[in-house]
Each structure stands twice: as C-alpha cells, then as structure tokens.
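quick one: sequence plus predicted model below, questions after.
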Amino acid sequence: MHCSPIRKLLATIAGLLLAHSPAQAATQPTAHPAFQVEVSGKGQAVILIPGLASAGQVWDGTVQHYCARQQRQCHVLTLAGFAGVPAIDTPLLASVERQLSDYIREQGLAQPLVIGHSLGGFVGLKLASDHPEQVGRLVVVDSLPALGAIQVPSMSGEQLRQMAAGMRENMLRQEPAAFRASQMQSLRTMASQPADVERIAGWGQRSDRASVIEAMAQMLADDLRQDIARIKAPTLVLGTWIAYKDYAPKAALEATFRQQYQQLAGVKIELSDSARHFIMYDDPAWMYDRIDQFIK
C-alpha cells in the first residue's frame, strides 16, 4: 500500500470528533469515572462504544434497531473527556477497559454483544483480548488492532511509541483555530451528509482537547495484532474504503484489514462499497444487515 493513502487515513482519524449520549435512559456517571453509561431496553445485553471524542448519540439508530425492535438491553457508553463528560487523569483506554470489565461483572451481563466504532472498536478488541470470557460476540466498526503500523507493518513497539509521541506534541502545539480547522477538514471525509458532519463537529467542540489527543496517541502507540489471538468471541469487522479510492484501490485496503487481523481465528471481514467512516450514518441498513446475520 502506498504512503499517501495511509497518511490520509491517519490524518483523518486523528481529526475525528464525534457524538453525544442518547436521552432516553438513566445515566450512571459516578461508579465508573472512565465513562458514563446509559441503559435502555430489556433482554440480552449489547454494549455500544463510540469512537474518538464521541458520545452515545452516534448509536441512536442502532439502539432503536436492537433495543426497541429486537428486545435487547443497550448499554451505551460515552468516554471520559468526550462530548462534555468530565476528563480523568489516568490513561483513558486502560481505565475504560478495566472499568468496563468491572461493569460487566457488577451488572451480571452474561457475555454481551460488544459493538465499537473506531477508537471504540479498538477498546472492544482490548477488552475481548484481555477478558475473553466476558465477551459473547464482538463487532468492530472501521478500526484496526495496530493503526500506527498500517504504513510500515514491521514497526517495533518502540517505533510506534515514538511516532505517537511526535503526533501528540504536534497536535498540542497547534493553535485552537488551526486545530478546529483540521478537525473540520478531516470530518468532511468521514460522513457523506453535511448535516451529519455539522452534528459530529458540534459534539467534538464539547470534548476536552487534551483527552482527545492523548487517547489518539495511546491508540497509535499500541499494537494488538498478536493479542487478538486470545479473543474467544466470534468477531465481525466492518470496514470502509470509498473515501480513500483516489489513493488506493479497495483490494489494497482490504488486504490491510486481513493482514492486521490474521491472528484472530475465524474473523469475518466485510468492507462497505458506499459508506464512509461513520457507517451507522452513511449506510445503516448495510451495517444492520451484516450484524443481524452475524448474531443469528
């Protein structure tokens, strides 16, 4: 794969700033400060994890599909520092993983279906790798186990950490106006409809900048390509490519997905031919159809 599409992909994901939480259910903000969670519906549990700077409102249509229509209980997260939720001082991704494992145990959730988008998909992979008995099925929406290594798959852990540190420093040095402009430029490649882009941007403006940058750096520095071999849950990965068609063909992007997930036995990978990164906005029917078939 050529360097230009990979740099485009990294720059785009680094600019992601997403959503805010659904309004129909109870919020539990204190017991688990790494995230807030809203619960709705009754039945088999579904945990929904949004992406970088997102909140749960990005999953509103998914909640309607699975909780209102299929009689499931949805647990929708918004991570600390994102979309107005108070930030925390400890490393976010490790804290979310640990506290989400505690939450599953405390709530008595029997092997829930876990669905994560982007950064949330990465969290889902970490949870299922480190706590394989807790996850029943896993759906990863447009995320990779080693985002920092897609340009050079042979990068060492130390090289990934150095790259992430450089990204962190560069983003922290940006003036606020330049930072916002970079976000908007990236977001326009992430969703097809202007109204969705505006909604996403508005949510992102309520996120804590330092938390967003640190979470992105943590994900770039980490490499789960070997860890995912421990996952026991059947896993579905839904990816996208259309936004990068001018930089690389679908086959090249699909090969990257398959290479990164090669240690995960039985993984099912599908790429949408029409949706951009926010698959739940651009082509929800395709996403629901693939997930419905997977969980039957």
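Happy to help now that I have it. All of these numbers come straight from a predicted model, not from anything done at the bench.

only C-alpha atoms for contact and neighbour calcs from this point on.
Noted.

who does Q44 form a beta bridge with?
For Q44, the beta-bridge partners are R72 (DSSP bridges).

please verify my assumption that it contacts R72.
Yes - because the distance of 4.9 Å satisfies CA atoms under 8 Å, Q44 is recorded as touching R72.

for the stretch 151-296 of the chain, give me the ranges with low pLDDT.
Applying pLDDT under 70 to the stretch 151-296 of the chain flags residues 179.

can you map out the strands along it?
Taking DSSP state E, counting those that start in this stretch, the strands of the stretch 151-296 of the chain run over residues 235-240, 268-272.

just say which of those is most tucked in.
Of these, the one with the most neighbours on average (mean count of other CA atoms under 10 Å) is strand 235-240, at a mean of 23.

pull the distance from it to the chain's centre.
11 Å (CA atoms, centre = their mean, to the nearest Å).

what of stretch 39-47?
The answer for stretch 39-47 is 20 Å, by CA atoms, centre = their mean.

the strands of the stretch 151-296 of the chain into CSV, with extra columns for distance to I49?
CSV is the format used below for these (distance: least, CA to CA, whole Å):
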stretch, distance to I49
strand 235-240, 14
strand 268-272, 19
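
quick one: residues contacting the closest residue to L271 other than its chain neighbours.
Spatial nearest neighbour of L271, chain neighbours left out: G239 (4.4 Å); criterion: CA to CA, 6 or more residues apart in numbering. Applying CA atoms under 8 Å, 6 or more residues apart in numbering to G239 gives the contacts V141, D142, S143, I269, E270, L271, S272, H277.

wait, which of these is closest to F122?
The nearest member of the contacts of G239 to F122, counting by CA to CA, is S143 at 6.3 Å.

wait, that closest one sits on I115?
No - between S143 and I115 there is no contact under CA under 8 Å: 11.3 Å.

what's the overlap in contacts for these two?
Both S143 and I115 are in contact with G121, where contact means CA under 8 Å, 6+ apart.
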